[in-house]
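A.B. asks: Got a sequence here, can you build the structure:
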Amino acid sequence: MKKTALVIMAAGLGSRFGKGIKQLAKVGPQGEIIMEYSIHDALEAGFNKVVFIIRKDIEKEFKEIIGDKIEKITEVAYVYQDLKDLPEGFTCPEDRTKPWGTGQAVLAAKKAVEEPFLVINADDYYGKEAFGKIHDYLVEEKKSGEKMDICMAGFILENTLSDNGGVTRGVCTLSQDRKLVGITETYNIQKTEQGPAAVDEETGEKQYLDPQTLVSMNMWGFQPEFMDVLEKCFGEFLAGVKPGDIKKEYLLPGVVDQMIKEGKAEVSVLKTHDTWFGVTYQEDKEAVMKSFRELEKAGVYTHPLFPER
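C.D. replies: Predicted coordinates:
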């Protein structure tokens, strides 16, 4: 079987989730965390290695809650996102505390990944369909061309909303042959009686969106060569950060978008019909716990998730 890796971005603290590390919140019927379901679905789809991107200061708690368990069932690597881990010639501003973003997070895994890989957020439940589609896409033999081959899961917007507040989504524009043309970060999308709408926080003005439009949930499939691009673009990004700007982020969708616009990448959007859920707000936790109880009741998952080996 061709080797493929699941790369999980788990270095962020959930600022909107109050106290505690939201990626490690127990939401399953037996105290499982969301990440366990993603790992289960990825291994079931055929992925055979897990790379955790974490921070050094959460390593002990992370391994106790999830890492040690997964090491018993598949190959595991740990890499660390660090504010000071920058290319030669750059230093981190002393007053910067904000992480550099998802682009730098994935770049931290460069030495740990030599195979096609899938990138996901730690605190999102994606459903089984997307893992299967991306795995199959990554292992397909493809003709080598001038453009880098990338894929992403496209979620149906109405399947990704929260009952407890607005969410930010990357709204996708597609070509006729379902290739990604661009992603528009759209903020404060809320459920309304007329359907999903981006609500201006100052004026309350609503911009209604097609509930069936596809959005990115940061679920990307890459070939290992993408890491070289990520490294090169990070240096260019840092060179363009203005002195005193301690919040600018190096984001994965921005890198992909730039590659598309420069004609250096082609991104296949793989539509998934599963309902996304996650704990964006503290109030989401109860709904997420109910969803996992229902999935287990329906036989989608069994207990224990990972039978003893």
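
A.B. asks: Just give me the longest strand of this structure.
C.D. replies: Longest strand of the chain, by residue count under DSSP state E: strand 180-190.

A.B. asks: Quick one: mean pLDDT for it?
C.D. replies: Averaging pLDDT along strand 180-190 yields 94.

A.B. asks: Helix or strand next in line after the lowest-mean-pLDDT helix or strand in the chain, which one?
C.D. replies: Least confident helix or strand, the chain: helix 59-62 with a mean of 86, by mean pLDDT, DSSP states H and E. Using DSSP states H and E, the helix or strand that follows helix 59-62 towards the C-terminus is helix 68-71.

A.B. asks: got a list of contacts for the next helix or strand after that following helix?
C.D. replies: Counting by DSSP H and E, the element after helix 68-71 in chain order, helix or strand, is strand 75-80. Around strand 75-80, the neighbours that count as contacts under C-beta atoms under 8 Å, 6 or more residues apart in numbering are 11, 48-56, 59, 67, 70, 108-109, 111-112. Bear in mind the C-beta positions are built from the backbone N, C-alpha and C, glycine included.

A.B. asks: mind running it again at 6 Å?
C.D. replies: Here strand 75-80 makes contact (C-beta atoms under 6 Å, 6 or more residues apart in numbering) with K49, V50, V51, F52, I53, K56, I70, A108, A109, A112.

A.B. asks: ok, and for that strand, which residues are buried?
C.D. replies: Within strand 75-80, the residues that count as buried by 16 or more other C-beta atoms under 10 Å are V76, A77, Y78, V79, Y80.

A.B. asks: if we can go back for a sec, please list only the buried members of the contacts of strand 75-80.
C.D. replies: K49, V50, V51, F52, I53, I70, A108, A109, A112.

A.B. asks: if I read this right, the first one contacts A5, doesn't it?
C.D. replies: Going back to what we said before, that points to K49. Yes - between K49 and A5 there is a contact under C-beta atoms under 6 Å: 4.3 Å.

A.B. asks: residues in contact with G221?
C.D. replies: L118, I134, Y137, L138, C151.

A.B. asks: and those, which of them are in helices?
C.D. replies: Among these, the members falling in helices are I134, Y137, L138 (criterion: DSSP state H).

A.B. asks: mind checking pLDDT for the second one?
C.D. replies: So that's Y137. 97.

A.B. asks: just the one 10 residues further on next, same as before
C.D. replies: According to the prediction, K147 has pLDDT 94.

A.B. asks: Spatially nearest residue to it, not counting backbone neighbours?
C.D. replies: E266 (4.5 Å; C-beta to C-beta, 6 or more residues apart in numbering).

A.B. asks: distance of that neighbour from C92?
C.D. replies: 34 Å (C-beta to C-beta, to the nearest Å).

A.B. asks: of these two, who's got more company?
C.D. replies: Set E266 next to C92 and count neighbours by other C-beta atoms under 10 Å: E266 wins out with 18 against 15.

A.B. asks: Distance from the helix or strand containing that one to the middle of the chain?
C.D. replies: According to DSSP H and E, E266 maps onto strand 265-272. Taking C-alpha atoms, centre = their mean, to the nearest Å, the mean C-alpha location of strand 265-272 is offset from the chain mean by 15 Å.

A.B. asks: start the count at 573, not 1, going forward
C.D. replies: Let's use 573 as the start, then, which means that last one is strand 837-844.
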